[in-house]
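J.: build the 3D model from these lines:
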Amino acid sequence: MSGRLELLRGSNTSPLAPCGRGVGPGARSFCYSLQAVFSLHPVIDTSYTGGDLWFVFENIGALEGLMPEATRAQLGSYIRAVPDFPKAGILFRDITPLLACPTTFRQSIVDMAEPFRGSRVDLVAAAEARGFIFAAPLALELNAGLIPIRKPGKLPAETLSHSYDLEYGSDELEIHVDAIPSGSRVLVVDDLLATGGTMDACCRLIEKAGGTVVGCAFLIELAGLSGAQKIARYRLHSVLKYD
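T.: Now for the predicted structure:
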């Protein structure tokens, strides 16, 4: 089985080599190491068409087993570790380099959506603010509606609210009372899972509104903070994990 691989034009500021995407029946975009592909799969032909360089590999079907692992490694290299932010002793995981590259941003959405494609997701919900970055394209990826979960006083119509405890004090989240039709299946997303307090509050608010939580999806999970235990009653998917 042979197939084509299109080399995409990379950004001058990208820390990675050029990325590619499989083209053909059932193919979808991937961001992965071309060096790894070339080392495993012989090139049997090349062509230059319409400004794009194409390689024909001897066995492109075998790439399906390589792509998920390579994709995670590639996405992880776009997460910048910033020490002592926002305060001393904290290693901050900065997602802005990943968002700045359309290939990795797109791939992060594909990977977050993948486990839930057959789960009949009616709505995607997220709390402000970084959760919105991933929730909107993820809703489109799953052909679902979008529900914004906001701080008090931000939504114009009648709302439902849920209060929850923080390490020092408390916080509150709201959604519109008519946001979730009874029985709707809702995927809750955020950029990062830390202690799990905010995600737990979002899920409880959705259930209070009459929805069913299909699962929780994250780009990053900080496993050392044990947030997964707080939402263990739900299906959990994290693309990248750090201790």
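
J.: just checking: what are the partner strands of the top strand by length along the chain?
T.: In the chain, with assignment by DSSP state E, the single longest strand is strand 212-222. Here strand 212-222 is paired, per DSSP bridges, with strand 185-193 (parallel), strand 236-242 (parallel).

J.: could I get these as JSON lines with distance to residue 159, mean neighbour count and mean pLDDT?
T.: Any C-beta I mention is one placed from the backbone N, CA and C, and that applies to glycine too. What follows is the strands paired with strand 212-222, written out as JSON lines (distance: least, CB to CB, whole Å; neighbours: other CB atoms under 10 Å; pLDDT from 0 to 100):
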{"stretch": "strand 185-193", "distance to residue 159": "17", "mean neighbour count": "25", "mean pLDDT": "97"}
{"stretch": "strand 236-242", "distance to residue 159": "27", "mean neighbour count": "18", "mean pLDDT": "96"}
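
J.: okay if I get these as TSV plus distance to residue 82?
T.: Putting those into TSV (distance: least, CB to CB, whole Å) gives the following:
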stretch	distance to residue 82
strand 185-193	13
strand 236-242	13
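
J.: ok, which of the ones you listed comes nearest residue 225?
T.: Closest of the strands paired with strand 212-222 to residue 225 is strand 185-193, at 8.1 Å (criterion: CB to CB).

J.: any buried residues in whichever helix or strand comes after the closest one, and which?
T.: On the C-terminal side of strand 185-193, the nearest following helix or strand under DSSP states H and E is helix 197-208. For helix 197-208, burial by neighbour count (16 or more other CB atoms under 10 Å) applies to 197-203, 205-206.

J.: how about stretch 158-168?
T.: Buried positions in stretch 158-168, judged by neighbour count with 16+ other CB under 10 Å: 159-160, 162.

J.: contact partners of that stretch?
T.: Stretch 158-168 is contacted by residues 152, 170-178, 197-198, 200-201, 204-205, 208-209 when judged by CB atoms under 8 Å, 6 or more residues apart in numbering.

J.: what about this structure, any weak spots by pLDDT?
T.: For the chain, applying pLDDT under 70 flags the ranges 1-71, 167-168.

J.: mind giving me the domain split of it?
T.: Following automatic domain parsing, the chain resolves into domains at 3-76, 115-242.

J.: endpoints of the longest one, how far apart?
T.: One end of domain 115-242 sits 20 Å from the other (CA to CA, to the nearest Å).

J.: list the buried residues of the longest strand of the chain.
T.: By 16+ other CB under 10 Å, the buried positions in strand 212-222 come out as 213-222.

J.: quickly list what residue 222 is bridged to.
T.: Going by DSSP bridges, residue 222 forms beta bridges with residue 242.

J.: what residues are up against it?
T.: Residues near residue 222 by CB under 8 Å, 6+ apart: 93, 192-194, 242-243.

J.: out of the residues you listed, who's nearest residue 231?
T.: Of all those, residue 193 has the smallest distance to residue 231: 8.0 Å, by CB to CB.
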